[in-house]
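Participant: give me a 3D structure for the following:
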Amino acid sequence: MLKVRDLEVYYGLIRAVKKISFQVEQGQIVSLIGSNGAGKTSTLKSIVNDVKRKGRIYFEGHNISKLNTPKVIQSGISLVPEGRRVFINLTVDENLRMGAFNNDEKFESLQESMYDLFPRLKQKRKQLAGTMSGGEQQMLAIARALMCSPKLLMLDEPSLGLAPKIIGEVFDIITQLKEDGITILLVEQNAFAALNISDYAYVLENGEIALKDNAKELINSDEIRKKYLGA
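Facilitator: Below is the predicted model:
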């Protein structure tokens, strides 16, 4: 579904991602794991053309490298950014409306689908997003991204700053989305949680892919356990 070839990401003269290649097959959860500064977020931003980059990106067989961000999203890719970034001065309903900017004709049915998936949001649909808990904001950020009916959903650090119980809920939702037919590209510093639900994973170190394998193999790797799982 997604193929990234020879990707480089630059911030000024600094090369944050160094000619990496990877792919995501349809129906999979694929994780990018690694320490802070490894290039994970930059990789996701590059796919939606939000950073200066070189390389080629293919989605469903089409080269989308030169598409601007709105066109990339319209092609079927959606990103839940790190830190959630909900519109804090808008209600839950209004945030979902913003997510459906290119899908307005399906807004009402999609909205009800989101409230079925996230019952907690339905209870707070008229509440300002800025007054909600971190976990509720993360659920809203995911729901907002789903409002454009993506084929590929990219999630950047969805567990960041959340309580363990809420992290479990968020990862259950990610698993449910896969079962519903949405392909997932997951960036996550909680390597154990990410590998536990993933089909395949890539380990980034200093902007390069250091390891790649089936998630079950990586979770049992001594090197991964020492570096990222605290074993």
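
Participant: please make it C-alpha for all contacts and neighbour counts, starting now.
Facilitator: OK.

Participant: all strands of this protein, in order?
Facilitator: 2-11, 14-24, 29-33, 52-59, 62-63, 77-80, 152-156, 183-187, 200-205, 208-214 (DSSP state E).

Participant: any chance of TSV for the ones you listed, columns mean pLDDT, mean neighbour count and distance to residue 144?
Facilitator: Below are the strands of the chain laid out as TSV (pLDDT from 0 to 100; neighbours: other C-alpha atoms under 10 Å; distance: least, C-alpha to C-alpha, whole Å):
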stretch	mean pLDDT	mean neighbour count	distance to residue 144
strand 2-11	96	18	22
strand 14-24	96	18	22
strand 29-33	96	27	20
strand 52-59	96	18	22
strand 62-63	96	13	25
strand 77-80	96	25	8
strand 152-156	97	25	11
strand 183-187	98	26	15
strand 200-205	95	23	26
strand 208-214	94	16	30
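
Participant: and these as a markdown table, adding distance to residue 176?
Facilitator: Output for those, formatted as a markdown table (distance: least, C-alpha to C-alpha, whole Å):
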| stretch | distance to residue 176 |
| --- | --- |
| strand 2-11 | 21 |
| strand 14-24 | 18 |
| strand 29-33 | 11 |
| strand 52-59 | 23 |
| strand 62-63 | 28 |
| strand 77-80 | 16 |
| strand 152-156 | 13 |
| strand 183-187 | 11 |
| strand 200-205 | 17 |
| strand 208-214 | 20 |
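
Participant: and of those strands, who's closest to residue 139?
Facilitator: Nearest to residue 139, of all the strands of the chain, is strand 77-80, at 10.1 Å by C-alpha to C-alpha.

Participant: report the residue ranges of every domain in this protein.
Facilitator: Domains of the chain are assigned by automatic domain parsing as 1-76+152-231, 85-149.

Participant: list the contacts for the closest residue in space to residue 96 that isn't next to it in sequence?
Facilitator: Distances taken as C-alpha to C-alpha, 6 or more residues apart in numbering put residue 144 closest to residue 96, at 4.9 Å, once the chain neighbours are dropped. Residue 144 makes contacts with 95, 96, 97, 98, 99, 100, as judged by C-alpha atoms under 8 Å, 6 or more residues apart in numbering.
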